[in-house]
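J.: sharing a sequence plus its predicted fold:
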Amino acid sequence: MANARTFADVRNVILSAHKNTGAQDKVGFYDKWAENYEQDVALLDYRAPLLAAECVNSFCRGDREKITVLDVACGTGLVSSHLKKMGFHHFVGVDGSLGMLELAKKTGLYQQLTHCLLGQDPIPAEAATYDIVIIVGALSVGQVPLTIIRELWEAAKPGGYVCMTTRGNADNQDYKAELEQINRSLEEEKKWSCVTVVEVEEWEKAVSQEDDGYIPGAIYLYQKSIP
Ligand SMILES: C[S@@+](CC[C@H](N)C(=O)[O-])C[C@H]1O[C@@H](n2cnc3c(N)ncnc32)[C@H](O)[C@@H]1O
C-alpha cells in the first residue's frame with residue numbers, strides 16, 4: 001500500500017505544529033501537511049467537519065439548491081463535501097494555505113477559491129452575501145485570531161447562519177472562553193442570536209500527553225439578525 005500512515009506519524013506532525021508561532025508559519029505547516037491531511041485526520045477520527053455540517057443541515061431552512069455557503073479555512077474541502085451530500089450546492093472557499101487550496105480545487109466543489117491570511121487580510125467576501133458562513137477546525141489557539149468573528153458575521157446575509165467550531169482541551173481553554181465572550185457580546189449588540197451550542201465529548205483523538213483518549217470540542221451556530 002502506498003504511503004500508509006500511522007497514528008504515530010499523525011501525532012508527530014501535529015505536535016510539530018506547536019512550534020509554529022505566526023500565521024505565515026502556520027499556513028506553511030498546512031502547505032507541507034496538505035498531501036497527507038485527509039488520510040491523517042481520518043486516523044485522528046476528526047469528526048468536526050461532519051458534525052458541523054450536520055448541525056447546519058438540521059437548523060438551516062430554505063432551498064438547498066439556492067443556498068450559498070462561504071467555507072472559511074476550507075482546507076482540502078471536507079466541510080463542503082459533507083454539505084454537498086446533504087443537498088447544498090454553492091460553495092466558495094477561502095484558506096491561507098496554497099497547498100490546501102490546490103487540493104480543494106481538485107474536488108470540483110467550489111465555484112471560487114481565494115487565498116487569504118485570515119486575521120491579517122480581510123475575508124475576501126462582500127458584506128451580507130452568504131446564507132451560511134462556516135469555519136471548522138481553524139478557530140483555536142495559534143491559528144485564526146478571534147478578530148475574525150465579526151468578519152464572519154459581516155459576510156452572512158441577514159437571517160443567514162454562522163457556524164463555528166473550536167477545541168475544548170486544556171491548551172485551548174482561554175481561547176474558547178474568549179470566543180464565547182465575543183459570541184455573547186454580538187448577541188448583546190443584537191447582531192445575531194444563538195441557535196445552538198453543541199458540546200461534543202469525542203471530537204478527535206488526543207495527541208498530546210496532557211490529554212487522554214479523545215479531546216472535546218464545540219459547535220456554535222448563530223443566526224444573523226434581520227434589521
Ligand atoms: C485543521 S484545518 C481545517 C480545514 C477544514 N475546515 C477541515 O475541517 O478539514 C485548518 C485550516 O485553516 C487554515 N488556516 C489556519 N490558520 C489560517 C490563517 N491565519 N489564515 C488562513 N487560513 C488559515 C489552514 O491552512 C487549514 O487549511
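T.: That came in fine, so what should we check first?
J.: tell me where the protein has helices.
T.: Taking DSSP state H, the helices of the chain run over residues 7-17, 23-43, 48-59, 78-85, 98-107, 148-155, 173-188.
J.: buried set for stretch 47-65?
T.: For stretch 47-65, burial by neighbour count (16 or more other C-beta atoms under 10 Å) applies to 47-49, 51-57, 60, 64. Backbone N, C-alpha and C define where each C-beta goes, glycine included.
J.: next one: stretch 83-97
T.: Of all the residues in stretch 83-97, those buried under the rule 16+ other C-beta under 10 Å are 83-84, 88-97.
J.: got it, and stretch 172-184?
T.: Applying 16+ other C-beta under 10 Å to stretch 172-184 flags 172, 175-176, 179, 183 as buried.
J.: extract the C-alpha trace of that stretch and format it as CSV.
T.: C-alpha atoms of stretch 172-184 as CSV (Å, rounded to 0.1, in the frame of the first residue of the first chain):
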residue,chain,number,x,y,z
ASN,A,172,-7.4,25.9,24.1
GLN,A,173,-9.5,26.8,27.2
ASP,A,174,-8.6,30.6,27.2
TYR,A,175,-9.3,30.9,23.5
LYS,A,176,-12.6,29.0,23.8
ALA,A,177,-13.7,31.3,26.7
GLU,A,178,-12.8,34.4,24.7
LEU,A,179,-14.6,33.1,21.6
GLU,A,180,-17.8,32.5,23.8
GLN,A,181,-17.4,36.0,25.2
ILE,A,182,-17.3,37.6,21.7
ASN,A,183,-20.3,35.5,20.7
ARG,A,184,-22.2,36.8,23.7
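J.: touching the ligand at all, that stretch?
T.: No. Stretch 172-184 does not reach the ligand (C-beta under 6 Å from any ligand atom); its nearest approach is 12.8 Å.
J.: now that stretch: mean pLDDT?
T.: The predicted model assigns stretch 172-184 a mean pLDDT of 97.
J.: how far off centre is that stretch?
T.: Relative to its chain's centre, stretch 172-184 lies at 15 Å (C-alpha atoms, centre = their mean, to the nearest Å).
J.: give me the contacts around that stretch.
T.: Counting contacts by C-beta atoms under 8 Å, 6 or more residues apart in numbering, the residues outside stretch 172-184 that touch it are 139-141, 146, 149-150, 164, 166-168, 194, 218, 220, 222.
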